[in-house]
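# Structure, please.
(2 chains)
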Amino acid sequence: MDVVINGERKEIRGGTLLDVLEELELDPRAVVVEHNRKIVRRAGLGGVQISDGDSLELVHFVGGG
Amino acid sequence: MTTAVETMQDQPLVVAGHTFQSRLMVGTGKYPDMDTMVRAIDASGAEVVTVAVRRVNLDRSKESSVLHFLDPKKIFLLANTAGCYTAADAIRYARLAREAGFNDFVKLEVIGDEETLLPDVAGLLEAAKVLVQEGFKVLAYTNEDLVTALRLEDAGCAAVMPLASPIGSGLGLLNPFSVRTIKRRLHVPVIVDAGVGTASDACVTMEQGVDGILMNTAIAAAQDPVAMANAMRLATLAGRTAYLAGRMPRREVAMPSSPTRGMLD
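Numbering: from 1, shown residues only, chains lettered A, B, ... in the order given. Alright, predicted model coming up:
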């Protein structure tokens, strides 16, 4: 399915948000997920299905002042 | 007489119920490499360390976040909303940062101008009110304007962070009078953030009596960041100690330090 992740169109297998992170080889403990502009708690990632056209933001902490 | 031991009995810095021994807070941006950053933070003695929220780089998913190099058990992570130009954006970034699960502190920045990176005061107040309502401990980066600082305190901010000079400018403390006035009038901690260039700037800033100081570029962009971090640690302590010691009054005329009596004919 086609989704937008961090502003880029991407084709992914789908499933839950946890599945998506696994597909992208991202550690769920190291990222925060925003699904269609709504933050999804880490514990809830396995319970939310991603759909065609959805938008995801995957963020983490980087160096900053 | 105040002894060295006594001056060391400075009260710790308390922000929203959290106690910090160091009054120096440092950023994690712009370091030449992560090893230098880690050693510089260590040399600075800082407990509060700022980080920014950004998109994960999907092309390099193995790339580590800054957390890979910092031990959240040893340092207190302070997420910022740097780069946000609207209240809505800053609120969104703050919520994402809190979700990372470390604490509910946020260094709130709402920038109003690209060239100077000066704060958007209206947006800042708007975002502060919302975030305080949501239970955030807001440390608000602001300009050195007393009335704005008072409004931020009224809005429930945990600390107010007036700038010394524009972010990354290294111009030092441009307006000591305003910063002193803010410190005198506010009840919440006043932590000067941004604009320090070298150790003397940190010292002069702390001599104003403010509760703390936050810097990033002054350390990260020094030729030897680890050595500069150590200098900043000492300067922060020196400035704080000088403030507590109480400086002599300024005089417009000289007064001899040696006796005027007993001179030879």
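# Contact partners for B:Val192?
Counting by Cβ atoms under 8 Å, 6 or more residues apart in numbering or on different chains, B:Val192 makes contact with B:161-164, B:173, B:179, B:205, B:208, B:210, B:212-214. Yep, even glycine has a C-beta here, placed from its N, CA and C like the rest.
# Now with 6 Å, please.
Applying Cβ atoms under 6 Å, 6 or more residues apart in numbering or on different chains to B:Val192 gives the contacts B:162, B:164, B:205, B:210, B:213.
# just those that are near chain A?
Here nothing survives when these are matched to chain A using Cβ under 6 Å from any Cβ of the partner chain.
# List the ones among those that fall in helices.
B:Thr205 (DSSP state H).
# give me the beta-bridge partners of B:Gln137?
Actually, residue B:137 is Lys rather than Gln. B:Phe105 (DSSP bridges).
# quick one: pLDDT of it?
B:Lys137 carries a pLDDT score of 98 in this model.
# I'd say it and B:Asn103 touch.
No. Contact criterion Cβ atoms under 6 Å: B:Lys137 and B:Asn103 do not qualify, at 7.6 Å.
# For chain A, see how far away the residue nearest the centre of chain B is.
Chain B has B:Leu214 as the residue nearest its centroid, 2.1 Å off, counting by Cα atoms, centre = their mean. Note on B:Leu214: its distance to chain A, by Cβ to the nearest Cβ, to the nearest Å, is 8 Å.
# likewise B:Ile191?
Counting by Cβ to the nearest Cβ, the gap from B:Ile191 to chain A is 13 Å.
# For the contacts of B:Val192, give me TSV that also has neighbour count and pLDDT.
Output for the contacts of B:Val192, formatted as TSV (neighbours: other Cβ atoms under 10 Å in any protein chain shown; pLDDT from 0 to 100):
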residue	neighbour count	pLDDT
B:Pro162	30	98
B:Ala164	31	97
B:Thr205	27	98
B:Val210	27	98
B:Ile213	31	98
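# Show me the contacts of B:Val192 that map onto strands.
Among those, the members found in strands (DSSP state E) are B:162, B:213.
# Same list, the contacts of B:Val192, but as JSON lines with distance to B:Gly83 please.
Shown next, in JSON lines, are these (distance: Cβ to Cβ, whole Å):
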{"residue": "B:Pro162", "distance to B:Gly83": "20"}
{"residue": "B:Ala164", "distance to B:Gly83": "20"}
{"residue": "B:Thr205", "distance to B:Gly83": "25"}
{"residue": "B:Val210", "distance to B:Gly83": "25"}
{"residue": "B:Ile213", "distance to B:Gly83": "22"}
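# All the strands of the chain, in order from the start?
Unless you meant another one, I'm taking chain A. Using DSSP E, strands in chain A cover A:2-5, A:8-11, A:15-16, A:32-35, A:38-40, A:49-50, A:55-63.
# that's the wrong chain, I meant chain B
Under DSSP E, chain B gives strands at B:13-15, B:18-20, B:24-26, B:48-55, B:76-80, B:105-108, B:137-142, B:159-162, B:191-193, B:212-215.
# Include distance to B:His68 when you put those into TSV, please.
Listed next are the strands of chain B as TSV, based on distance: least, Cβ to Cβ, whole Å:
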stretch	distance to B:His68
strand B:13-15	26
strand B:18-20	24
strand B:24-26	18
strand B:48-55	12
strand B:76-80	13
strand B:105-108	21
strand B:137-142	25
strand B:159-162	27
strand B:191-193	25
strand B:212-215	23
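# and A:Leu24, which of those strands is closest to it?
strand B:48-55 (12.2 Å; Cβ to Cβ).
# does chain A sit close to that closest one?
Yes. Against chain A, strand B:48-55 shows contacts by Cβ under 6 Å from any Cβ at B:50-55.
# how far off strand B:137-142 does that strand point, in degrees?
Strand B:48-55 and strand B:137-142 meet at an angle of 80 degrees, taking axes from the mean of the first three to the mean of the last three Cα atoms, to 10 degrees as the criterion.
# now A:Val33: how far from A:Ile5?
10 Å (Cβ to Cβ, to the nearest Å).
# higher neighbour count, those two?
A:Val33 (25 against 19; other Cβ atoms under 10 Å in any protein chain shown).
# you'd agree that one is up against A:Ile39?
No. With contact defined as Cβ under 6 Å, A:Val33 does not reach A:Ile39; the gap is 7.2 Å.
# Can you pull the residues of chain A lying near chain B?
Going by Cβ under 6 Å from any Cβ, the residues of chain A near chain B are A:6, A:24-26, A:30-32, A:39, A:58-65.
# where does whatever residue of the stretch 151-265 of chain B ends up closest to chain A fall, phi/psi-wise?
Here the residue of the stretch 151-265 of chain B nearest chain A is B:Asn216; by Cβ to the nearest Cβ that distance is 3.0 Å. Backbone torsions of B:Asn216, given as degrees, to the nearest 10, read phi -130, psi -70.
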